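[1] give me the fold of what follows.
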Amino acid sequence: MNRLGIENPRGLVAFAALTGCLVTLAVAALTGAGGVFAVAGLVGCGCELLLDRTEPGLMARLGRLHMGATSRFEIRCVLLLLLLGRLHVTGPIGLAAAMTLVLCLLAGQALHAALITLIRRRRALAVAARNIDLRRLDISDRPPRRLTEWPGQRMLVYELSALLGLTASLLTGDARWVVAALTLAAGSCLITVVALVPYLVRAIRRLPGAAQVLAEVDAWLIQRRPRTVLYFSGPRDRADQLTRWLGPVAALPTPSLVIVRERELLEALEPTPLPVLCMPSAAHLSQLDLGGVRVALYPANTGRNIHLLRIPTMQHVFLAPGGDGDEAAAVDPYSKVYDQVWVAGEAGRRRHVQAAVGVEDADIVEIGRPQLDGLRVDRTGHTPAPLPTVLYAPTRDGAAGEPGAAGEQDTAGESLVRALLDSERPLRVLYRPHPPTGHRTPEARAAHRRIVALIHAANERRTADALGEAPEDAEAQRTEDARRRAELTKRIAALDARLRRADADEAMLTRDRAAPDPALLTEAEGLRRQWHQAHWAASPPWLHQVIEGDLPTLHSCFDQADLLIGDLSDVVGDFLATLKPYALTVPAGLGEEEFRRRNVVARAAYLLGPGASGMQDLLRKLFDPCLDELRTARHEVKEFLLGPSTPPSIQRFTDAVDALAEKGETVVRLRDLHTAPPPGAGRWSVIR
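    Model (predicted):
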């Protein structure tokens, strides 16, 4: 299942049935068993629909193996012709008509795919944008989704029509039914192709070229004059490196701009009030008028950063905050090409200086972690609830080359969760694995499923014990909160569809997104807060939870947790900002003293050894806060890693941008002064 990309046993059964149907169709076509062919074809259509909805990973993998929906459709059409040749119901004329119609259907489907490809490529503008006023560009609408989307379902409709016609011909002995059905399928395909032609003509004639788009963008830049640019290049699965900085940059009091280099990043970005430019071509990027930009922020070290680093009128900054909990984290020598490196706290400064890669201490600025300013901080000593909550948030599957890899991480999580569930004093477990957890190896996936099974079994026991004990009014309130959560989910999805405009393509979004609606963004943020409140209110406080999606968010789980158990990662570094107790798992073969020496964040952590050793002592500290002897250490480590609490990180970030922008203005003025012609040079040139 893992190799095929199948998510659950039901998908495996459907895939086996689909394969069996294809084999049955081939045998029935060779033997002339028309009834068997019709039944197998109908069952195969049902399996196709089920797999399209439930197993997108499998269908994508089949496409990469050249066995996608189009290839399967063509095979079934050929088998239908072979069957009709074996049957005596059609006759020579009927067989010739059927063959002609099937060939027309295949040709029409190929032409349809070619037209869609041409339209999509022609509508890919040189520059894509969001939240920038480019309405003066004459960009036409995209074809309706019913003409371009769902190619697999469209072919299934054609096939279903042919199978129904075949069934009618077999039952009546009249070949006209199958010919009429094939005529209907081929005619529908032809109508779809003809309907796409005007959109192709408009795309060729009306869509603006690169020079026109760049001129319009330059006009917007001259009018808007952004002072700060957030620049990012990378794959879609690393978009979080960019999105974590959208909020702090949007909070700046001066105009800002986001530049990304890959088109797929536009789809990954959450709705933001910031203007966004996608510049796939370095040549087009070099033609932009960015003379007013004074500060360029880079969340990641990538080779394509050089395309913006070449501009001397900007001050270039590498945003290093994140991962400061690990002293052994690598410092890229490439960091010395930036004018400044911004880190969270003293730990980041020391790491860059001690690495001796050319980054001077004077060029390092501590700004804290602006993304953590909204977390609830326990400053006076945390008092857990009567039923305390333990958040287990692993981020590793035991990747090759890591200490304790080769399956240790797979079994460690199961031991930890079992120890928590078997605690003498009851507690609640929130299990929130990192999204890739359980997908790297079959062993990791099996361990993840065992953990989920343990939690579900524990919930069944608790539900049985709680029946009849919970007050009726409390149960009624939770039911109402669950209903409200479902309603909020629908409202958020509808609002997100309005913000993202799923009906529009990249060119239409570039044309229409003149400015975001602040009211919609505010409403979306308010609905998300209400959703989290309803989610936790609707969840019985005695039940454990497995959280595998994006909601509730990690920071929302932080607010619920009295204790975090994790591994060395940014998750623990973020949780440190709450000043609540946390525990780390120590890899096998590494002593506790050595583990604390290597990792600063471990110096304020309770440590758990192999087999969840040390869990009982940890839980005693959870239930009795007086035993928490690392409270002072957490304050010290937090300040060392994340910087002081005052002023807030967002203020320090804003002040750092302002100070560097002023420095950039000074540099530009000095540069202009040195490059200006001497007085009288213009008059002398005129006289000569």
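[2] how far does stretch 549-568 sit from the chain's center?
    In terms of CA atoms, centre = their mean, to the nearest Å, the centre of stretch 549-568 is found 18 Å from the chain centre.
[3] buried set for it?
    Buried residues in stretch 549-568, defined by neighbour count with 16 or more other CB atoms under 10 Å: 552, 554-568. Any C-beta I mention is one placed from the backbone N, CA and C, and that applies to glycine too.
[4] how about the strands in the stretch 451-600 of the chain?
    545-546, 563-566, 582-585 (DSSP state E, counting those that start in this stretch).
[5] out of those, which comes closest to Glu414?
    strand 582-585 (12.2 Å; CB to CB).
[6] gap between the closest one and the chain center?
    That offset, for strand 582-585, works out to 27 Å (CA atoms, centre = their mean).
[7] and stretch 525-542, by the same measure?
    A distance of 22 Å separates the centroid of the chain from that of stretch 525-542, by CA atoms, centre = their mean.
[8] residues in contact with that stretch: which ones?
    Residues from elsewhere that reach stretch 525-542 (CB atoms under 8 Å, 6 or more residues apart in numbering): 385, 387, 426, 428, 462, 466, 470, 477-479, 481-482, 484-485, 488-489, 491-492, 495, 545, 551-553, 556, 560.
[9] what subset of those is buried?
    Applying 16+ other CB under 10 Å to the contacts of stretch 525-542 flags 428, 462, 478, 481, 484-485, 488, 492, 495, 545, 552, 556, 560 as buried.
[10] now, which of those residues sits nearest His434?
    Closest approach to His434 among those (CB to CB): Pro552, at 15.1 Å.
[11] and that closest one, how far is that from Met314?
    Per CB to CB, to the nearest Å, Pro552 is found 39 Å from Met314.
[12] now swap in Tyr582 and tell me
    39 Å.
[13] sorry, back to before: export the buried ones among the contacts of stretch 525-542 as CSV, with columns for pLDDT and distance to Val365.
    Shown next, in CSV, are the buried ones among the contacts of stretch 525-542 (pLDDT from 0 to 100; distance: CB to CB, whole Å):
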residue, pLDDT, distance to Val365
Arg428, 91, 41
Arg462, 82, 50
Arg478, 82, 48
Asp481, 83, 45
Arg484, 89, 45
Arg485, 89, 42
Leu488, 89, 40
Ile492, 85, 37
Leu495, 81, 38
Gln545, 90, 40
Pro552, 89, 33
Ser556, 90, 30
Gln560, 89, 34
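[14] which two in those are spaced the farthest apart?
    Checked with CB to CB, the buried ones among the contacts of stretch 525-542 reach their widest spread between Arg462 and Leu495, with 35.5 Å between them.
[15] now do the SS call for Asn301.
    coil (DSSP: H, G, I helix; E, B strand; the rest coil).
[16] what sits against it?
    With CB under 8 Å, 6+ apart, Asn301 has these contacts: 318, 332, 334-335.
[17] looks to me like Thr395 is in a helix.
    No - Thr395 is assigned coil when assessed by three-state DSSP, not a helix.
[18] contact partners for it?
    433-434, 437, 566-567, 569, 571.
[19] ranges for the helices of the stretch 451-600 of the chain?
    Using DSSP state H, counting those that start in this stretch, the helices of the stretch 451-600 of the chain run over 472-500, 506-512, 518-538, 554-560, 570-575, 592-598.
[20] mind checking those for the one nearest to Arg304?
    That would be helix 506-512 among these, by CB to CB, at 19.8 Å.
[21] need the contact partners of that closest one.
    123-125, 127-130, 132, 134-135, 137, 139, 141-142, 207, 263, 266, 501, 504.
[22] let's see which of those residues end up in strands.
    Using DSSP state E, the members of the contacts of helix 506-512 that fall within strands are 128-130.
[23] mind listing the strands for the chain?
    Counting by DSSP E, the strands of the chain are 128-130, 228-232, 256-260, 276-278, 295-298, 315-319, 340-343, 364-366, 389-392, 428-431, 545-546, 563-566, 582-585, 606-608.
[24] with distance to Leu627 added, can I get the ones you listed in JSON lines?
    Below are these laid out as JSON lines (distance: least, CB to CB, whole Å):
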{"stretch": "strand 128-130", "distance to Leu627": "52"}
{"stretch": "strand 228-232", "distance to Leu627": "45"}
{"stretch": "strand 256-260", "distance to Leu627": "48"}
{"stretch": "strand 276-278", "distance to Leu627": "50"}
{"stretch": "strand 295-298", "distance to Leu627": "44"}
{"stretch": "strand 315-319", "distance to Leu627": "39"}
{"stretch": "strand 340-343", "distance to Leu627": "34"}
{"stretch": "strand 364-366", "distance to Leu627": "33"}
{"stretch": "strand 389-392", "distance to Leu627": "16"}
{"stretch": "strand 428-431", "distance to Leu627": "20"}
{"stretch": "strand 545-546", "distance to Leu627": "27"}
{"stretch": "strand 563-566", "distance to Leu627": "13"}
{"stretch": "strand 582-585", "distance to Leu627": "14"}
{"stretch": "strand 606-608", "distance to Leu627": "11"}
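[25] circling back to that earlier point, can you put the buried ones among the contacts of stretch 525-542 in TSV and add distance to Ile451?
    What follows is the buried ones among the contacts of stretch 525-542, written out as TSV (distance: CB to CB, whole Å):
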residue	distance to Ile451
Arg428	15
Arg462	17
Arg478	25
Asp481	27
Arg484	30
Arg485	25
Leu488	29
Ile492	29
Leu495	34
Gln545	12
Pro552	19
Ser556	21
Gln560	19
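[26] can you give me the neighbour number for the closest residue to Pro518 other than its chain neighbours?
    Distance criterion CB to CB, 6 or more residues apart in numbering; nearest residue to Pro518, sequence neighbours excluded, is Pro273 at 6.7 Å. Applying other CB atoms under 10 Å, we find 14 residues neighbouring Pro273.
[27] next up, the contacts around the closest residue to Ile116 other than its chain neighbours.
    Of all residues not flanking Ile116 in the chain, Thr148 sits nearest, at 5.3 Å (CB to CB, 6+ apart). Thr148 sits next to 116, 119, 142, 196 when contact means CB under 8 Å, 6+ apart.
[28] Arg236: which of the ones in strands among the contacts of helix 506-512 is nearest?
    Of all the ones in strands among the contacts of helix 506-512, Arg236 sits closest to Ala128, with 14.6 Å by CB to CB.
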